[in-house]
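Asker: next one to model:
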Amino acid sequence: MSTHPARGLSRVLDDLGPSLLDLLLGDPASVTGIGGVGIHDPHDEQHYPERAVVLGVGVHGTEETARLMRSLTGVGAAALVVRGPVDTADLEAVAEETGIALLALTRGASWAQLAAMLRTLLSEGDVGGTDEQTLGGVPAGDLFALANAIATLLDAPITIEDRRSRILAFSGRQDEADPARVASILARRVPERYLRLHEEHGVFKELYRTDRPVHIPPPTLGDEVALPRVAIAVRAGDEVLGSVWAALREPLTEEREEAFKEAAKLVALHMLRFRAGADAENRLRADLVTTALEGGPGAVAALGRLGLADEPLLVLAMGLGATSATGG
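Answerer: Okay, the predicted model is just below:
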């Protein structure tokens, strides 16, 4: 049983950032001890973890939201997430009455992404320090800092790779590895000849099948001298995000294998944060620009969130004109 305190809503909001969640109603400081994530299904009997954050997938409109908030008080839920934007005018009294915090999933973010990030965050009691924007004592999304931390933990040079074997980050001490690792670092991806060897020997199949570190013998390519590898898949729920690779001169001890397994969970959270920052923020920014250009009641708020309120602006538009059949 974990001895770590359960995470509160304030820290969840700090770690996940405004690119995924907006607080609409409720005091996050009063929502402590979150026990897990639940997904609302109106056609099934609900069994949520104690003090759950409930994802209201498919819940729309004030009436439906209010009805669900009231029903959640009977199962001990802590917060409800619905798809934004949300008109909160008629929900303020319901939030006070129920004590349920109401949050909005921002446009451009997916429920699957939110569920994966929440589950990873809430399942790791030692993830995240007390400082803002850190996860496990490492700046959120800083995969290079995390690679160096894992290298120190395992006493081996590390790479963090995506599903396509592109190098997302690497630690120091790569000079202690071998030509294969150096070639990967320089190209920022694993060379094709090594990938073929891994595929022929079923390395990736084994890697993505288990949550344990996988020991990989050194590849044989001519006269090249190579070191053995130990790799582990990085997962968020059922999704494989990538992998972490260590080039070793000596086998890992049992304690270091366990530490490697725990480190992979932290890498998952950082990779999700990294991806959310790259994807969701860009999509959110595009939505805000669209809202601002369309005018209407949301335009001023959109400009404010873009940091462009009360600023002189010049809008340029480009488009493809029709061409004649003769190409003139």
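Asker: nearest residue to the middle of this protein?
Answerer: For the chain, the residue sitting closest to the mean C-alpha position, by C-alpha atoms, centre = their mean, is L272 at 1.9 Å.
Asker: after the longest helix seen in the chain, which helix or strand is next?
Answerer: For the chain, the helix that runs over the most residues, judged by DSSP state H, is helix 254-294. Sequence order places helix 299-305 as the next helix or strand after helix 254-294, per DSSP states H and E.
Asker: then that next one to CSV, C-alphas only?
Answerer: Taking C-alpha atoms only, helix 299-305 is exported to CSV below (Å, rounded to 0.1, in the frame of the first residue of the first chain):
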residue,chain,number,x,y,z
ALA,A,299,-13.7,37.6,-29.2
VAL,A,300,-12.5,39.9,-26.4
ALA,A,301,-11.8,37.0,-24.0
ALA,A,302,-10.0,35.1,-26.8
LEU,A,303,-7.8,38.1,-27.5
GLY,A,304,-7.0,38.3,-23.8
ARG,A,305,-6.0,34.7,-23.6
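Asker: low-confidence bits of the protein, can you list those?
Answerer: Scanning the chain for pLDDT under 70 picks out 1-6, 15-19, 108-109, 120-121, 123-141, 221-222, 274-284, 319-328.
Asker: per-domain residue ranges of it.
Answerer: Per automatic domain parsing, the structural domains of the chain span 9-123, 134-276.
Asker: let's have those domains in JSON lines, adding distance to L313.
Answerer: No exception for glycine: its C-beta is placed from N, CA and C like everyone else's. Converted to JSON lines, these look like this (distance: least, C-beta to C-beta, whole Å):
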{"stretch": "domain 9-123", "distance to L313": "22"}
{"stretch": "domain 134-276", "distance to L313": "28"}
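Asker: nearest to G296, of those?
Answerer: For G296, the closest of these is domain 9-123, at 12.1 Å, according to C-beta to C-beta.
Asker: state the distance from T65 to P42.
Answerer: Applying C-beta to C-beta, to the nearest Å, the value for T65 to P42 is 13 Å.
Asker: ah, wrong one, I meant E224
Answerer: With C-beta to C-beta as the criterion, E224 and P42 are 60 Å apart.
Asker: again, but for P251
Answerer: From P251 to P42 the distance is 52 Å (C-beta to C-beta).
Asker: now M117
Answerer: Distance from M117 to P42, by C-beta to C-beta: 24 Å.
Asker: looking at these two, which has the bigger crowd around it?
Answerer: Between M117 and P42, M117 has the larger neighbour count (other C-beta atoms under 10 Å), namely 26 against 12.
Asker: in stretch 56-76, what's buried?
Answerer: G56, V57, V59, T65, A66, L68, M69, S71, L72 (16 or more other C-beta atoms under 10 Å).
Asker: now for the helix or strand hosting the fourth one, which elements pack on it?
Answerer: Of the helices and strands defined by DSSP H and E, T65 is found in helix 62-72. Applying 3 or more C-beta pairs under 8 Å, 6 or more residues apart in numbering; DSSP states H and E, we find helix 62-72 packed against strand 79-83, helix 92-98.
Asker: just want the angle from that helix to strand 79-83.
Answerer: Relative orientation of helix 62-72 with respect to strand 79-83: 160 degrees, computed using axes from the mean of the first three to the mean of the last three C-alpha atoms, to 10 degrees.
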